[in-house]
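Asks: Sequence first, then the predicted structure:
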Amino acid sequence: MVQQNGMKVATLLALFNLSGCSSIRDVEYIDPKGYSDVASYLSETFEKSNCIGTTFSSQGREFINSDGLNYQLGGKNLRCYVASIEESIDRYCVAKQGEMVQGGTWCVVNKMPLFHVNYSPDTSLTKIGLGSRIFSTVEPPSSQAKQQWLSSAERLGYISERVQQQTDIEKKVDLANEINEKQKKYIEMNAEVAVSIGDLICREDYEAKPYQYPGIAYYKAYVEKKEKNKLQLRLVWHGGDGFVVNDITNVNNIIWSSPKGWRHCN
């Protein structure tokens, strides 16, 4: 009876191990020098490491699409440490005289991307298993032209010299536009309007906070009096394109204001 129970326990343990019900582990060390692409290297690494946790299940798949040669490892409860996977990928990159850049997502050799790795959202910084997310890499297949791969890499987020230069130019243009806008605003705020009694004049609401209203808000007012450098105004409207700010009443509609910042309404 004891012997039968022992055999049952042994059988259950064997099934337990085959089904993948084991703890998270490091991936097996594989020398990357003999592999021409990261897909083959990782396929072999994960096969020997049994990262899926099921002996009879495929440990990933390779396929080619418009991006390039892809390798994907996905499934429930992937049982290999992210840190260990990162070390294997770094090892392959270094073996190809490359370095990992952009947060460890690109291997680059002589400013040319060798491959891209995606740990999927919310897993790249964890040191536990990959959970049920998909781990993947993309690299150029042997038949893909260099420029075609570079275009694919840029589309996938690689910051090439061309992309960086374009980004720098766009930043300079944005900065120049911002400076011009500030100068224009300064001139507008300090320009004095020439008015007569009864004129309808407008002024931007410079006190409004960013995003306080759906758009730029303005005041409209009639000139009631003129005294030295002051104008007595009767506010009649506060709002912008497609919206009205209902804050003008018979109590607060008469104000004294500097002529600066006001202009004749279009």
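Replies: Yep, that arrived.
Asks: All the helices of the stretch 101-250 of the chain, in order from the start?
Replies: 146-155, 161-190 (DSSP state H, counting those that start in this stretch).
Asks: most neighbours per residue, which of the ones you listed?
Replies: Ranked by mean neighbour count, these are led by helix 146-155 with a mean of 15 (mean count of other Cβ atoms under 10 Å). C-betas here are computed from N, CA, C, even on glycine.
Asks: What is that helix packed up against?
Replies: For helix 146-155, the packing partners by 3 or more Cβ pairs under 8 Å, 6 or more residues apart in numbering; DSSP states H and E come out as strand 112-118.
Asks: I'd like the helices of the stretch 101-250 of the chain as a markdown table, with mean pLDDT appended.
Replies: Shown next, in a markdown table, are the helices of the stretch 101-250 of the chain (pLDDT from 0 to 100):
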| stretch | mean pLDDT |
| --- | --- |
| helix 146-155 | 94 |
| helix 161-190 | 95 |
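Asks: Check what contacts stretch 225-239 and list those residues.
Replies: Stretch 225-239 is contacted from outside by 195, 197, 200-201, 205, 217-224, 244-245, 247-248, 252-259, 262, using Cβ atoms under 8 Å, 6 or more residues apart in numbering.
Asks: ditto for stretch 194-209
Replies: Here stretch 194-209 has contacts from 188-189, 193, 213, 216-226, 231, 233, 236, 238, 259, 261-266, using Cβ under 8 Å, 6+ apart.
Asks: Can you say which of those are buried?
Replies: 193, 213, 217-223, 231, 233, 238, 259, 261-263 (16 or more other Cβ atoms under 10 Å).
Asks: residues in contact with the most centrally placed residue in the chain?
Replies: Nearest residue to the geometric centre of the chain (Cα atoms, centre = their mean): G157, 9.6 Å. For G157, the contact set (Cβ under 8 Å, 6+ apart) comprises 102, 105, 116.
Asks: ok, and the most crowded of these?
Replies: Using other Cβ atoms under 10 Å as the neighbour criterion, H116 leads those with 22 neighbours.
Asks: give me the element the nearest residue to R61 once chain neighbours are set aside is part of.
Replies: Nearest residue to R61, sequence neighbours excluded (Cβ to Cβ, 6 or more residues apart in numbering): Q72, at 5.7 Å. For Q72, the element it lies in under DSSP states H and E is strand 69-73.
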